[in-house]
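# Return a 3D structure for these sequence lines:
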Amino acid sequence: MGIGPGEPGHLTIEAEAALRGAEVIVGYQTYLDLIDRWLEGKEVIGSGMTEEVDRCRQAIRLGLEGRRVAIVSSGDPGVYGMAGLILELAEGTGLRPRIIPGVTAATAAAARLGAPLMNDFAVISLSDLLTPWMVIERRLKACAEADLVTALYNPKSRRRARQIAAAREIFLGSRVAETPVGIVRNALRPGEEVVLTNLAGSDY
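Here you go, the predicted structure:
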């Protein structure tokens with residue numbers, strides 16, 4: 001299920017009902033901290049980054065025991081979230097996971113920037129953990145050449161700093177330097193930062 005950006009006001013009614021009805025809530029600890037008001041009286045299983053497979057397996061095991069389990073993703077579980085993985089691992093078990101959508105980062109950020117997604121747009125993750133950089137680079141070039149508004153997920157991390165700079169250079173190869181760029185951190189949650197700039201000035 002998707003918890004949205006993390007602020008209670010952006011959690012859907014269906015998602016809140018699922019949290020209230022769950023016996024066990026499983027998730028990345030940072031996301032669990034965002035929904036702490038719904039954790040009281042629940043069994044809570046939290047773990048760290050890159051432990052997604054283990055979380056899904058735990059949730060499936062508990063579901064097969066007859067427990068009501070909610071496994072949480074930030075944003076929407078079908079957009080770089082846990083939905084695909086949980087469906088894949090649950091195949092053949094007899095479980096039928098229910099996917100509960102949520103507000104994803106692209107629409108949350110767009111709400112703070114104005115209305116950049118009013119026409120066709122693309123969404124690309126710059127994380128190369130599961131997708132080779134060569135493939136990501138080809139997708140970026142296609143979006144730049146097609147003049148698509150492009151939302152970039154996972155733009156930068158401590159161990160992965162060069163991809164966002166490479167993406168900027170790719171877009172500068174097909175777009176004018178004055179092309180607007182919006183940078184949003186922690187969209188619709190505490191610590192939100194919004195910057196409006198352009199390709200020429202977007203130094204990450």
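# Tell me which stretches of the chain form strands.
With DSSP state E as the criterion, the chain has strands at 24-28, 43-47, 69-71, 121-125, 149-153, 180-185, 193-198.
# Export those as CSV, with columns for distance to residue 103, mean pLDDT and mean neighbour count.
From N, CA and C alone the C-beta is placed, and that goes for glycine too. Shown next, in CSV, are these (distance: least, C-beta to C-beta, whole Å; pLDDT from 0 to 100; neighbours: other C-beta atoms under 10 Å):
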stretch, distance to residue 103, mean pLDDT, mean neighbour count
strand 24-28, 17, 97, 23
strand 43-47, 22, 95, 16
strand 69-71, 17, 97, 25
strand 121-125, 14, 98, 17
strand 149-153, 13, 97, 20
strand 180-185, 13, 95, 16
strand 193-198, 16, 95, 12
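# okay, those in JSON lines with distance to residue 170 next?
Formatted as JSON lines, the strands of the chain follow (distance: least, C-beta to C-beta, whole Å):
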{"stretch": "strand 24-28", "distance to residue 170": "30"}
{"stretch": "strand 43-47", "distance to residue 170": "35"}
{"stretch": "strand 69-71", "distance to residue 170": "35"}
{"stretch": "strand 121-125", "distance to residue 170": "11"}
{"stretch": "strand 149-153", "distance to residue 170": "10"}
{"stretch": "strand 180-185", "distance to residue 170": "13"}
{"stretch": "strand 193-198", "distance to residue 170": "15"}
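# mind checking which of these is nearest residue 5?
With C-beta to C-beta as the criterion, residue 5 lies closest to strand 180-185 of the strands of the chain, at 10.2 Å.
# can you pull the pLDDT of residue 202?
With respect to pLDDT, residue 202 scores 66.
# now swap in residue 33 and tell me
The model reports residue 33 with a pLDDT of 94.
# count of neighbours near it?
Applying other C-beta atoms under 10 Å, we find 12 residues neighbouring residue 33.
# Now do the helices for this protein: every range, in order, please.
Ranges of helices in the chain, per DSSP state H, are 13-21, 29-34, 52-64, 83-90, 105-113, 133-146, 162-172.
# Just the buried residues of the last one, please?
When burial is assessed from 16 or more other C-beta atoms under 10 Å, helix 162-172 yields the following buried residues: 163-164, 167-168, 170-171.
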